[in-house]
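Engineer: this is a predicted model, with the sequence first.
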Amino acid sequence: MRFPCMKKLFIAFIILWAHSKNAYSQFCPWQMSARYEIDIDFNHQNHQYSGTQKVVLYNQSPDSLTEVFFHLYFNAFQPGSAMDIRSRNLPDPDPRIGNRISKLEPADIGYMRIQSIKSGKQFLPFTTQSTWLKTTLTQPCLPGDSIVLNLVFEAQVPIQIRRSGRNNKEGIDYSMAQWYPKLCQYDCDGWHPDPYIAREFYGIFSNYSVSILIDQSFCLGYTGVLQNPGNANCLKPNRNIIDNKLKWHITAENVHDFVWSADRDYVFEVYKRSNGCTLETVYQPDSNYIDEWQALPSIIDSALAFIESHYGPYPYPKFAIIQGGDGGMEYPMATLITGKRPLVSLVGVTIHELLHSWFHGMLASNEQLYAWMDEGFTSFVEIETMNYLRNKRLIPGEYNNKPHLENVRNYLAFQKTGLEEPMNTPSDYYSTNKAYGIGSYVKGAMCLYLLNHMIGHENFSKGMLLYYWHYRFKHPTPSEFFRVMEKVSGFELDWFQHHLVNTTNYINYTIDTVYTNKNKLHIELRNQGAFPMPVELRVVLTDKSEYLYYIPTDLQIGLKTFPAQKNVFYTPPWPWVQPTYNVELDLKQNKVYSISINRMWDMPDIDSFNDELIFYNE
């Protein structure tokens, strides 16, 4: 029996629920999904390929879709493109781009040209603008329904300039990132056909079935799993040769992108972890770096054990470490990295890109808006992981019990230049590449560093795991992250989120005055910055005994606990509107050796000169 009214009621409920949720948070309670079937014939002689693509878009939104958008990323590698113009007008352009695009000849540019789009037997009209395409549907795709689109296209691989392209500086033939017509993301804010300026990505979780017909001399690295393995040499496909070409059939599930690379000199090695997940290394053998590449998988295996225990399990069957690209760039189940590096550098770039599997690959926030939620969180965990490996003596270097201090100092140095921009600046809109790098990588890592200090390591660790389990494969926004941290800590963090993300306000607490009156020590602290924080005041006596006075800001509500530390005293909250705060202690000044705030550099205090007083009493 069918109940047609029930579907309408359900859709109405979803719409009302979505609107009510959006009034509270930007998080989208639904998300689109898709399925790709891509088949290309690759001509390495002219660096071009022709292809067909069937894509099924499942409309899980409450909206009726009348149009669909695709990214055409390769069109960025043409003189006069948005990427070209932006690079030539920035005061500090990425040297990998500079003005190189403006000088490309027709045989060296990139392009992606759509020849037709069909829905069923009907051709659909479409328009192309730079790096995106819009096609108009003849009938709306209703909520809960799906649309099947069949595309015919041709493309040319550009000279390697940014992530994608051919003939990179280490001699890799093809780094095939952003190489197919990719669905733009659709969420509660609508379509996201952002032009490709060379920075971040945002995609729909999808299943891929990719067939690549290419000259048999090439070995490939890729997202996903090869479905027709045969020849053990490079795990080439077990198929008959067609016009001197082999067809590679590769599938990947629940990923939001697909990358591959090709080179005639690649070696392909497989390392199997104890849980069955495989690590694939795909690289050109070089006598100067072969030892580093062969040592890499077992080190990454150890790193994964650490990462998974603290930040959640890696869910995919493999991870491929592929020599290619222009430095290091993350993709689902794979990374492209330059490979001629000493061991520490090779391990470091691999771990950074691997960690993107969590914050880019699974949590997958909109990087155009919140690059710091990926790059910053990845950078923080990279520092933690590298320090763990040093402690285990798996890589050269000394273990550091304050491994984030360099990050703190880099942030403070840039903050003093006056060029900092708020972290809520969209990735492409930063005025300088330096401000983008500091805001996304360094200050983004500072977010976790400050939270770890402020709410306590135990709460922080619980929060990171809870964040993973609640929001993997769901595209969370900043609000979801901070609300998770509130739940585990009991803190109110709206104020922290605002100052950290929406402003360039700085932290600047000082010890202003110290005096004795009636056998009591009086300490006056002053807040000279606009970013309020809880303060931990440490008093060390001449007998080396230590007392900690915890001064919460009145905005935080919750309190940090110090389970392993004695002589901790909680003071009344410091009202954020009050510039000074007085602490009265039953201690005589002549018994005090030192008074300090931020002695352990737990806060990025912009001026640490007045953070400590030392009394040289005999």
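Structural biologist: All right, it came through fine. Residues are numbered from 1 along each chain as shown.

Engineer: what number of residues are in the vicinity of His522?
Structural biologist: The number of residues packed around His522, counting by other C-beta atoms under 10 Å, is 15. For the C-beta atoms, the positions are set from N, CA and C on the backbone; glycine is no exception.

Engineer: I misspoke; the intended subject was Asp554.
Structural biologist: Asp554 has 14 neighbouring residues, counting by other C-beta under 10 Å.

Engineer: and it, how close does it get to Asn508?
Structural biologist: 18 Å (C-beta to C-beta, to the nearest Å).

Engineer: top helix in this structure by residue count?
Structural biologist: helix 367-391 (DSSP state H).

Engineer: in that helix, what counts as buried?
Structural biologist: Residues of helix 367-391 classed as buried: 367-390 (neighbour count, 16 or more other C-beta atoms under 10 Å).

Engineer: how about stretch 226-246?
Structural biologist: Buried positions in stretch 226-246, judged by neighbour count with 16+ other C-beta under 10 Å: 226, 234-237, 239, 245-246.

Engineer: is the closest residue in space to Tyr180 that isn't next to it in sequence in a bridge, and if so with what?
Structural biologist: Leaving aside its sequence neighbours, Tyr180 sits nearest to Ile38 (C-beta to C-beta, 6 or more residues apart in numbering; 5.6 Å). With DSSP bridges as the criterion, Ile38 is bridged to Gln53, Val210.

Engineer: what number of residues lie near Ile38?
Structural biologist: Residues contacting Ile38 under the criterion other C-beta under 10 Å number 21.

Engineer: same check on Thr52?
Structural biologist: Around Thr52 there are 16 residues (other C-beta under 10 Å).

Engineer: tell me how many other residues surround the residue nearest to it when sequence neighbours are not counted.
Structural biologist: The shortest distance from Thr52 to any non-neighbouring residue, by C-beta to C-beta, 6+ apart, is to Asp39 (5.1 Å). Burial measure for Asp39: 16 neighbouring residues, criterion other C-beta under 10 Å.

Engineer: how far away is Asp39 from Gly224?
Structural biologist: 15 Å.

Engineer: can you give me the domain assignment for the chain?
Structural biologist: What automatic domain parsing lists as the domains of the chain is 405-502, 509-614.

Engineer: quick one: pLDDT of the residue nearest to Asp602 when sequence neighbours are not counted?
Structural biologist: Leaving aside its sequence neighbours, Asp602 sits nearest to His453 (C-beta to C-beta, 6+ apart; 4.2 Å). Looking at His453, its pLDDT reads 96.

Engineer: you'd agree His453 is up against Asn598?
Structural biologist: No. If you go by C-beta atoms under 8 Å, His453 and Asn598 don't touch, sitting 9.9 Å apart.

Engineer: if we can go back for a sec, what does the helix or strand that the longest helix of the chain is followed by contact?
Structural biologist: Sequence-wise, the next helix or strand downstream of helix 367-391 (DSSP states H and E) is helix 405-415. Helix 405-415 has contacts (C-beta atoms under 8 Å, 6 or more residues apart in numbering) with 379, 383, 420, 434-435, 438, 442-443, 445-446, 449, 504, 506, 601, 604-606.

Engineer: and helix 405-415, average pLDDT?
Structural biologist: 96.

Engineer: so Arg273 is in contact with Leu279, correct?
Structural biologist: Yes. With contact defined as C-beta under 8 Å, Arg273 reaches Leu279; the gap is 6.7 Å.

Engineer: these two: which has the busier surroundings?
Structural biologist: Each of Arg273 and Leu279 has its neighbours counted (other C-beta under 10 Å); Leu279 has more, 21 against 17.

Engineer: in three-state terms, label that one for me.
Structural biologist: strand (DSSP: H, G, I helix; E, B strand; the rest coil).

Engineer: picking that back up, mark which of the contacts of helix 405-415 are part of helices, please.
Structural biologist: Using DSSP H, the members of these that fall in helices are 379, 383, 434-435, 443, 445-446, 449.

Engineer: neighbour-wise, which one of these leads?
Structural biologist: Lys443 (30 neighbours).

Engineer: contacts only, for that one.
Structural biologist: 372, 376, 411, 420, 423, 500.

Engineer: repeat for Gln368
Structural biologist: 192, 194, 199-202, 426-428.

Engineer: mind putting those residues in CSV, secondary structure, distance to Arg483 and pLDDT included?
Structural biologist: What follows is the contacts of Gln368, written out as CSV (DSSP: H, G, I helix; E, B strand; the rest coil; distance: C-beta to C-beta, whole Å; pLDDT from 0 to 100):
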residue, secondary structure, distance to Arg483, pLDDT
His192, strand, 23, 97
Asp194, coil, 26, 94
Arg199, coil, 27, 88
Glu200, coil, 23, 88
Phe201, coil, 25, 93
Tyr202, coil, 21, 95
Pro426, coil, 22, 96
Ser427, helix, 23, 96
Asp428, helix, 27, 96
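
Engineer: which of those are buried, as a PyMOL select command?
Structural biologist: Only the buried entries of those go into this PyMOL selection, using 16+ other C-beta under 10 Å:
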select buried, resi 192+194+199+200+201+202+426+427+428
